[in-house]
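> need a structure here:
(one chain, ligands or ions: 1)
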Amino acid sequence: MLHLLDQSAETLQSWFTAHDLPGYRAAQVQRWLFEKRARSFDQMTDLPLELRNQLAEEFRIWSAGVAAHQEADDGTEKLLLELADGQRIECVLLRDDREHCNMCISSQVGCGMGCVFCATGLDGVVRNLTTGEIVEQMLQLQRLLDPAERLSHVVVMGMGEPLANLDHVLPALALATARGGLGISVRRVTISTVGLPAGIRRLAEMNCQYHLAISLHAADDALRTQLVPANRNVGIAAIMAAADEYFEKTGRRVTFEYVVLGGTNDRPADAARLVALLHGRPALVNLIPYNPVEGLPYHAPSAASVSRFADILTDGGLTVAVRHRKGDRIDAACGQLRR
Ligand code: SF4
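Numbers count the residues shown, from 1 in each chain. Purely as a prediction, here's the structure:
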C-alpha cells in the first residue's frame, strides 16, 4: 500500500489520470487532508463511495501511531510517534496564541552529528524520514489544535540534521507551504542546521526564501569541534562562506543559534570571538540557555552569565535574542528530543 502523505500533488494527480478519474478529485483529497483535517477516506463525503473505497484499497493515509502524548502547562504538546518499522520520533507543538502555533518537526530517526550536549544524537542516526513521515508529523500536530487555532510556523529543528535529508525535507515543506497544503508562508519556515555547506548552497541556489538557522555554539574551531564533532571535517570558515552565499542569493538574514552551556562556552572571551566572527554580517544571534539532559555532564548557564554574554554581543553591534525555554518541563525543548 502506498502512503498517501508521501505523494506530491503531481503524483496524486497522475494516479487519478491513470485511473481515468477527473484531476480535480486530487485537489479535493488534499483539501480534506490539509484543510478539513480528515482522518479517514470515509470522512471525505463529497467523493463518491466507490472512489473512497478504491483509495482505501491503494493508499493508507497514516503510517505512524501516537505512542505517547505529553502536555505542559505553557500550552506546549509533544508527540512520540511510532513509525511503521517500529522506529520512534518526536515532534512538538508550541503555542504563542491562537493565530501563532509553531511546529517543531524531525527529519531523521536519531542524528549523526553527535553534538555532545544533545539527547537526540546519543545513539547516532538510524535513517532518514520519508516525505510522508515528515508531513505526517505536521498533520498529527495540527490535529491537536482547537478549530480556531492555526498553524503559522514550522521549524525543522527536531531530531536529525535536515540538510542531510533534503530530498525528503523539501517536498514536505512544499506541501506545508502550498495553497492546497497547509498554506504556511515560506517566510515562516525555518530550517535549522549544524552547518553543511553543500546543503546550504543547494538552498541558496533554489532561492527558496526559507529562514536558515545555523547552530554555531562556538566561534572557534577547537571548541566547536569539541561540542559539535561534525565540525571537524567542515570548519567554521566554510560554513560562514556558505551562509554569506545564502544571504547574497536570497536576501534573507541568517540566524546563528548558540546553545549557552554553563562554564563551557559562556565566557566573555567566547562572546568576544563571536562578535569578531559575525562582525559586518547581517546576522541575528539566538542565545539558547541549555536545557540539561539526564546523563550528560553539561549545565544550564546562570542568568547572570547569559545576560553578560548577550551584553557583550550587543555592545559589539550584533542583534541578539535570548530564547526562553518553552517545553522544557516535558523535555520538548531544544536538544531534549529522544526516540
Ligand atoms: S543538536 Fe541537532 S544536529 Fe546536534 S546532535 Fe542534536 S539533533 Fe543532531
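> CA only for contacts and neighbour counts going forward, please
Noted.
> did I read that right, Leu287 in a strand?
Yes. Per DSSP: H, G, I helix; E, B strand; the rest coil, Leu287 lies within a strand segment.
> beta partners of it?
Under DSSP bridges, the beta-bridge partners of Leu287 are Tyr258, Val322.
> Dump the C-alpha coordinates for the lengthiest strand in the chain into CSV.
Determined from DSSP state E, the single longest strand within the chain is strand 88-97. Only the C-alpha atoms of strand 88-97 are listed here, as CSV (Å, rounded to 0.1, in the frame of the first residue of the first chain):
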residue,chain,number,x,y,z
ARG,A,88,10.3,6.3,17.1
ILE,A,89,10.5,10.1,16.6
GLU,A,90,9.2,13.1,18.5
CYS,A,91,7.6,16.4,17.3
VAL,A,92,6.4,19.4,19.3
LEU,A,93,3.6,22.0,19.1
LEU,A,94,4.4,25.3,20.7
ARG,A,95,1.6,27.9,21.2
ASP,A,96,2.0,31.6,21.4
ASP,A,97,-1.6,32.5,20.8
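> Quick one: list the elements packing against that strand.
strand 77-82, strand 100-104, strand 108-110, helix 131-142 (3 or more Cα pairs under 8 Å, 6 or more residues apart in numbering; DSSP states H and E).
> Quick one: check that strand for contact with the ligand.
No. Residues of strand 88-97 contacting the ligand under Cα under 6 Å from any ligand atom: none, with a closest distance of 11.3 Å.
> Report the mean per-residue pLDDT for that strand.
Average pLDDT, strand 88-97: 92.
> in its sheet, what does it sit against?
Checking strand 88-97 against DSSP bridges gives partners strand 77-82 (antiparallel), strand 100-104 (antiparallel).
> Just the buried residues of the last one, please?
To tie it back to what came earlier, the one meant is strand 100-104. 101-104 (16 or more other Cα atoms under 10 Å).
> Which positions in stretch 34-53 come out as buried?
34-35, 37-38, 41, 44, 52.
> and what of stretch 5-20?
5-9, 12-13.
> Likewise for stretch 131-144?
Applying 16+ other Cα under 10 Å to stretch 131-144 flags 131-142 as buried.
> Turn the helices and strands packed on strand 88-97 into JSON lines, including distance to the ligand and mean pLDDT.
Listed next are those as JSON lines, based on distance: least, Cα to the nearest ligand atom, whole Å; pLDDT from 0 to 100:
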{"stretch": "strand 77-82", "distance to the ligand": "15", "mean pLDDT": "96"}
{"stretch": "strand 100-104", "distance to the ligand": "12", "mean pLDDT": "93"}
{"stretch": "strand 108-110", "distance to the ligand": "7", "mean pLDDT": "94"}
{"stretch": "helix 131-142", "distance to the ligand": "15", "mean pLDDT": "97"}
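> how far away is the residue at minimal distance from the centre of the chain from Pro162?
Among the residues of the chain, the one closest to the centroid is Val156, at 1.0 Å (Cα atoms, centre = their mean). With distances taken as Cα to Cα, to the nearest Å, Val156 is found 7 Å from Pro162.
> Equivalent analysis for Pro48, please.
39 Å.
> How about Arg143?
24 Å.
> what is the orientation angle of the strand or helix carrying Ser152 with strand 88-97?
Ser152 is located in strand 151-156, with elements delineated by DSSP states H and E. If you take axes from the mean of the first three to the mean of the last three Cα atoms, to 10 degrees, strand 151-156 sits at 140 degrees to strand 88-97.
> How about residues contacting the helix or strand that strand 151-156 is followed by?
Where DSSP H and E defines the elements, the next helix or strand beyond strand 151-156 is helix 166-177. Outside helix 166-177, the residues that touch it by Cα atoms under 8 Å, 6 or more residues apart in numbering are 8, 107, 129-132, 134-135, 162, 181-186, 189, 199.
> can I have the longest helix anywhere in the chain written out in PDB, keeping just the CAs?
For the chain, the helix with the greatest residue count under DSSP state H is helix 236-250. Listed next in PDB are the C-alpha coordinates belonging to helix 236-250 (Å, rounded to 0.1, in the frame of the first residue of the first chain):
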ATOM      1  CA  ILE A 236      33.600  27.400  10.600                       C
ATOM      2  CA  ALA A 237      35.200  29.300   7.700                       C
ATOM      3  CA  ALA A 238      33.400  27.000   5.100                       C
ATOM      4  CA  ILE A 239      30.100  27.300   6.900                       C
ATOM      5  CA  MET A 240      30.400  31.100   7.000                       C
ATOM      6  CA  ALA A 241      31.200  31.200   3.300                       C
ATOM      7  CA  ALA A 242      28.100  29.200   2.500                       C
ATOM      8  CA  ALA A 243      26.000  31.400   4.900                       C
ATOM      9  CA  ASP A 244      27.200  34.500   3.200                       C
ATOM     10  CA  GLU A 245      26.200  33.000  -0.200                       C
ATOM     11  CA  TYR A 246      22.700  32.200   1.300                       C
ATOM     12  CA  PHE A 247      22.300  35.800   2.200                       C
ATOM     13  CA  GLU A 248      23.500  37.100  -1.100                       C
ATOM     14  CA  LYS A 249      21.200  34.800  -3.100                       C
ATOM     15  CA  THR A 250      18.100  35.000  -1.000                       C
END
